[in-house]
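1. Requesting a structural model of the entry that follows:
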Amino acid sequence: MVRQTTSGRYALEDAGDHLRLRWSADITVDSADVASVSAEITVASPEGPRPLLMYVSLVGGITAEAKQLLIRNTRCSRIAIVGIDDIGRILTAFTHRSVTPTGYFTDDTAAREWLLDDTHEHPSIFGESYGVQHAFVSEMRGGVLWVRWTQAFHITEKIAENLLARAEFMNPTTCPPLLLELHEMLSASEGAMKILADGLNITALAVVSADPSGRTLTSFYRQRARPPYKTSYFTTAEEARHWLAGHPSPPATD
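-> Okay, here's the model as predicted:
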């Protein structure tokens, strides 16, 4: 038996092996809608996250606040979004940055097959996505976003997008300084550098490397990508943190 929760703005159905969410026609999905749905999904899945089939065919729009909440959703194991055309694809394009593996479909059958297929991995945007295993680790330390690369390899556009997604997930409403620690020397494509320059929402970037070529890479990044935030090179994390202390996150505004 299918259980259903209905509000004036959406209907959530429990289909056993997955959940089905249908947004009402012509509404603009806002943060209150997402919060309400998230609470209902949590109640419906007490044993842990399950796949979600989400229909957006008739939705009028999605607010920026709602998009941020959807990007950070961890209450579903994966999400298949069903629309009727490329308008729905454009409307939900932001979901390529979601923590939860997400796909867009215009065919209901294809969406269900993808959603319920357990024969292969559905990688999330972090960790092993884009074929990058343990590419970097990141955390917040005293107001600084600290990213440490654990391997030496070429940074591609996809890897740069991965880093952007992780930074946005950790700091959806703040603009912190970033300390980038390179234990082994890396190289980066110009496309990747452009993505990082245009997309990172940070106050300043401190690159730390004991390898002298790190200075060359930092200079090349400044000259070719022209990032809007100040960027500097250091040989120790202590020096970098001292410099970043002069570029704190701006105070939150109401």
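
2. how far out from the middle of the chain is stretch 78-95?
-> 16 Å (CA atoms, centre = their mean, to the nearest Å).

3. residue contacts, H242?
-> The contact partners of H242, taken as CB atoms under 8 Å, 6 or more residues apart in numbering, number zero. No exception for glycine: its C-beta is placed from N, CA and C like everyone else's.

4. So it versus Y229, what's the distance?
-> 17 Å (CB to CB, to the nearest Å).

5. Need the residues that contact stretch 244-251.
-> Counting by CB under 8 Å, 6+ apart, residues outside stretch 244-251 touching it are 143-144, 174-177, 179, 203-204, 206, 230.

6. Walking through this protein, point out its helices one by one.
-> 31-44, 64-71, 86-91, 108-116, 157-170, 190-199, 213-225, 237-244 (DSSP state H).

7. I'd like to know which elements the fourth one is packed against.
-> Meaning helix 108-116. Helix 108-116 sits against strand 50-55, strand 76-82, strand 102-105, with contacts defined as 3 or more CB pairs under 8 Å, 6 or more residues apart in numbering; DSSP states H and E.

8. Tell me which residues of that helix come out buried.
-> 111-112, 114-115 (16 or more other CB atoms under 10 Å).

9. ok, these vs S77, which is closest?
-> Minimum distance to S77 across these is 9.3 Å, recorded for L115 (CB to CB).

10. Please name the nearest non-neighbouring residue to that closest one.
-> In space, and not counting its chain neighbours, L115 is closest to A80: 4.1 Å by CB to CB, 6 or more residues apart in numbering.

11. Can you pull the poorly scored residue ranges out of the stretch 101-250 of the chain?
-> 119-135, 150-153, 184-185 (pLDDT under 70).

12. The same query, at a cut-off of 80, please.
-> Applying pLDDT under 80 to the stretch 101-250 of the chain picks out residues 118-139, 149-154, 158-159, 161-162, 165-174, 183-186, 250.

13. Tell me the spacing between I195 and F220.
-> I195 is 15 Å from F220, by CB to CB.

14. Mind checking which of these two has more residues around it?
-> Per other CB atoms under 10 Å, whichever of I195 and F220 has more neighbours is I195, with 22 against 14.

15. wouldn't that one be in contact with A167 here?
-> No. Between I195 and A167 there is no contact under CB atoms under 8 Å: 11.6 Å.

16. I'd guessed S138 sits against N162; true?
-> No. If you go by CB under 8 Å, S138 and N162 don't touch, sitting 10.6 Å apart.

17. Compare the two (neighbour count), which wins?
-> N162 (21 against 16).

18. Can you spell out the domain ranges of the protein, please?
-> 3-116, 129-244 (automatic domain parsing).

19. got a markdown table for those domains, with distance to P250 too?
-> Output for the domains of the chain, formatted as a markdown table (distance: least, CB to CB, whole Å):
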| stretch | distance to P250 |
| --- | --- |
| domain 3-116 | 18 |
| domain 129-244 | 6 |
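
20. residue contacts, the closest residue in space to R226 that isn't next to it in sequence?
-> Using CB to CB, 6+ apart and skipping the chain neighbours, the partner closest in space to R226 is A197 (6.4 Å). Counting by CB under 8 Å, 6+ apart, A197 touches 221, 225-228.

21. Repeat that for R222.
-> T231.
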